[in-house]
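>>> Sequence plus the predicted model coming up.
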Amino acid sequence: MIAVLLVTAALYFRAVGAVPVYIGGDEARFATAASSIASTGRDLAGGRLPLFFHLSDSLAADQGGTRWYQPLLFYLMALAFRFLPVTEQSMRLPTAVIGVLDVFLIYVVARRLFGDRRWAALAALLLALTPAHFIFSRQALDYICPLPFVLGWLWCVMAAVETGSVPLSLASGVILGVGFYSYIASWATMPLLLLLTWAAHYRFGARPARPALAATIGFAAPVLAAMAWLAFHPDMWRDMAGRYSVYDARHLSPLQGLKDFLTYNNVQERVSVYWDYFNPAYLFFSGGSNLSTATRKVGVFLLPVGGFLACGIYELWRRRRAPMSMVLVAGLAVAPLPATLVDERYAIQRELVVLPFVVLIATFGAAFLLRHPMRAIRLAGVLLLLAMPVQFADFYQDYFNDYRIRSAFSFDPANFRGVAEYLISSNSSSQMPLMYLSEDLDDVAARWRFYLIKHRREDMLQRTSLFTAKGLDVHRVPPGSLLVLYANDPAVPRLLGPEKSSVATFVMDAAGGKAAVILRKSG
């Protein structure tokens, strides 16, 4: 197991700041708010150690917005920034650590589940070699944050059902309650796992009432803080319901929203979305359509895991009277529900909690094959195991080479790092121009703020404005000012001319194409 952890750390930490090649918009938001917490103890809007983070898309951090984020990753990142400078590498360090921690925790869970270190180490290896887990461990996003809580809950539930321990059941609820603050999908996932806790105690526990009540109390205690926060910040729920298209909370009551949600066409659509999350093509071949969440060359899981998973479900059916058989299969079933609720297909980031359930079931399948009395079946299990590092090596090679280039546009279509470096170098001389950034640039305010913090040039924020192509009168722009747009923005020709502006430089993307253009006002 030590070898597995060392290999995992080597794989997951390698060039974590350079691949993906650009930071995403939400990565920039996390980093800038975390930097503020680390340096002042307050968020960008001046709130002291907030329970939830309310971020704006404007250059003015205290201007209202509709983006609310869960707190866990902000504080983990702020802890990293207390000791490290704000860079792409340091901002991604906490999630990489979480990825390695997950591998250790699933070993602990599988050790209790199987009672054998070999199968526990195999479960850890299966998770370490899961492409989706690798990908999200290398992005400064909170999608991966619920996994340690799910694994901790699994261990506590297993132990509590086996022993009837009320303290362990209480701990399982507390873990779910704290995990509630890890990622927005946890608002649905953690209550569902609490229901599984009740079901496990009532189905298999000798005296179920006290452990089930303890789990409920443990869960409620941390979550009550969120309920109190919502009472004082009612816009938070309305903003989140609108952002994720659950229902129109600004014009409908929750009861009306539920009624609208339960219409026949809506339910039919959600069933179709839910079913697609079990599509083998998505799970084992493509991994989804978004290049920031999948390479499109491999699935959510390696292909051999599909064989192990099928055998594992069969093995758990044979053991269906065992407590954890029900919990693992039910966990697999509920994992896609948050993504289904918001009507997103093939969004692995919304159902990342599926990973430990699939891995543990697949470990049952591997054990079934490798311990089978028939030699041919044992040989098939061995071949599937040997195929995994081969396929992962191919995925890994592609990830650090071709994928790095072909995914660049999905992370940042403007290569704003290159834009920022040019603007900052232009402001290093005695003449400091004003800067105008097109609002059409993806997450431009968050990215600009991040690079200014990274280079310790926050002073330049005061000389920066956002503009729209229709609302800008180029004749009113002071001479020498710099304007930044997409290279293919149709407004660029209108802004060029002897009395308007000229091209200062083109910023190239990772593939060598023109990503952004920087214009200099004439005069």
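Right, received. Where do you want to start?

>>> Please, where are all the strands along the chain?
53-55, 67-69, 435-438, 464-467, 482-486, 501-508, 514-521 (DSSP state E).

>>> out of those, nearest to residue 304?
Shortest distance between residue 304 and these, using CB to CB, is found for strand 67-69: 36.3 Å. Quick note: C-beta positions are derived from backbone N, CA and C, even for glycine.

>>> contacts for the closest one?
29-30, 33, 52-57, 142, 184, 236, 239-240, 243 (CB atoms under 8 Å, 6 or more residues apart in numbering).

>>> OK, contacts around residue 36?
Applying CB under 8 Å, 6+ apart, we find residue 36 in contact with 42-44.

>>> got JSON lines for the residues you listed, with pLDDT and distance to residue 294 too?
Output for those, formatted as JSON lines (pLDDT from 0 to 100; distance: CB to CB, whole Å):
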{"residue": "42", "pLDDT": "95", "distance to residue 294": "37"}
{"residue": "43", "pLDDT": "92", "distance to residue 294": "32"}
{"residue": "44", "pLDDT": "90", "distance to residue 294": "31"}
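
>>> Which among the residues you listed count as buried?
The neighbour-count criterion (16 or more other CB atoms under 10 Å) marks 43-44 among these as buried.

>>> Looking at the contacts of residue 36, which is nearest residue 108?
Once CB to CB is applied, the member of those that ends up nearest residue 108 is residue 43, at 34.7 Å.

>>> what's near enough to touch residue 114?
For residue 114, the residues meeting the contact criterion (CB under 8 Å, 6+ apart) are 120, 123, 363, 367.

>>> one step back: among the contacts of strand 67-69, name the ones in helices.
Residues from the contacts of strand 67-69 lying in helices, with DSSP state H as the criterion: 29-30, 33, 236, 239-240, 243.

>>> export those residues to TSV and tack on neighbour count, pLDDT and distance to residue 79?
Written out in TSV, the entries for the ones in helices among the contacts of strand 67-69 read as follows (neighbours: other CB atoms under 10 Å; pLDDT from 0 to 100; distance: CB to CB, whole Å):
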residue	neighbour count	pLDDT	distance to residue 79
29	26	95	18
30	30	97	13
33	27	96	13
236	16	87	25
239	19	82	27
240	19	82	26
243	14	72	28
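
>>> Residue nearest the middle of this structure, spatially speaking?
For the chain, the residue lying nearest the average C-alpha position, counting by CA atoms, centre = their mean, turns out to be residue 143 (2.3 Å).

>>> what about that residue, distance to residue 155?
Using CB to CB, to the nearest Å, one obtains 22 Å as the distance from residue 143 to residue 155.

>>> next one: residue 93
Here the criterion is CB to CB. By it, residue 93 lies 26 Å from residue 155.

>>> any chance of the ones in helices among the contacts of strand 67-69 in JSON lines, plus distance to residue 474?
Compiled in JSON lines, the ones in helices among the contacts of strand 67-69 are given as follows (distance: CB to CB, whole Å):
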{"residue": "29", "distance to residue 474": "30"}
{"residue": "30", "distance to residue 474": "35"}
{"residue": "33", "distance to residue 474": "34"}
{"residue": "236", "distance to residue 474": "40"}
{"residue": "239", "distance to residue 474": "35"}
{"residue": "240", "distance to residue 474": "39"}
{"residue": "243", "distance to residue 474": "34"}
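
>>> OK, contacts around the closest residue to residue 19 other than its chain neighbours?
Nearest residue to residue 19, sequence neighbours excluded (CB to CB, 6 or more residues apart in numbering): residue 404, at 5.2 Å. If you count contacts by CB under 8 Å, 6+ apart, residue 404 has them with 19-21, 510.

>>> Among those, find me the one that's closest to residue 335.
Of all those, residue 20 has the smallest distance to residue 335: 24.8 Å, by CB to CB.

>>> Count the residues that sit near the residue nearest to that closest one when sequence neighbours are not counted.
Using CB to CB, 6+ apart and skipping the chain neighbours, the partner closest in space to residue 20 is residue 411 (5.2 Å). Residue 411 sits with 20 neighbouring residues when counted by other CB atoms under 10 Å.

>>> The contacts of residue 404 into JSON lines, with extra columns for distance to residue 330, neighbour count and pLDDT?
Putting these into JSON lines (distance: CB to CB, whole Å; neighbours: other CB atoms under 10 Å; pLDDT from 0 to 100) gives the following:
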{"residue": "19", "distance to residue 330": "36", "neighbour count": "16", "pLDDT": "96"}
{"residue": "20", "distance to residue 330": "34", "neighbour count": "25", "pLDDT": "97"}
{"residue": "21", "distance to residue 330": "40", "neighbour count": "17", "pLDDT": "96"}
{"residue": "510", "distance to residue 330": "43", "neighbour count": "19", "pLDDT": "95"}
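
>>> before we move on, back to that, with residue 340 as the reference, name the closest of the strands of the chain.
Comparing those against residue 340 with CB to CB, the closest turns out to be strand 67-69 (21.2 Å).

>>> What pairs with the closest one, parallel or antiparallel?
Sheet pairing of strand 67-69 (DSSP bridges) gives strand 53-55 (antiparallel).

>>> Would you mark the buried spots in the partner strand?
Neighbour counts over strand 53-55 (16+ other CB under 10 Å) mark 53-55 as buried.

>>> List just the nearest of the contacts of strand 67-69 to residue 389.
Within the contacts of strand 67-69, distances to residue 389 taken as CB to CB reach their minimum at residue 142, with 29.5 Å.

>>> Could you report the distance from the closest one to residue 74?
Remark: distance between residue 142 and residue 74 (CB to CB) = 9 Å.

>>> Which neighbours do the two have in common?
Going by CB under 8 Å, 6+ apart, residues that sit against residue 142 and also against residue 74 are residue 30.

>>> how about residue 111, what does it touch?
Contacts of residue 111 were listed using CB under 8 Å, 6+ apart, and they are 117, 120.

>>> shaky segments in the protein?
Under the criterion of pLDDT under 70, the regions of the chain flagged as low confidence span 61-65, 206, 245-262, 264-265, 429-430.

>>> coming back round to it: tabulate the strands of the chain in CSV, adding columns for distance to residue 130.
Conversion of those to CSV gives the following (distance: least, CB to CB, whole Å):
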stretch, distance to residue 130
strand 53-55, 29
strand 67-69, 25
strand 435-438, 38
strand 464-467, 40
strand 482-486, 36
strand 501-508, 34
strand 514-521, 32
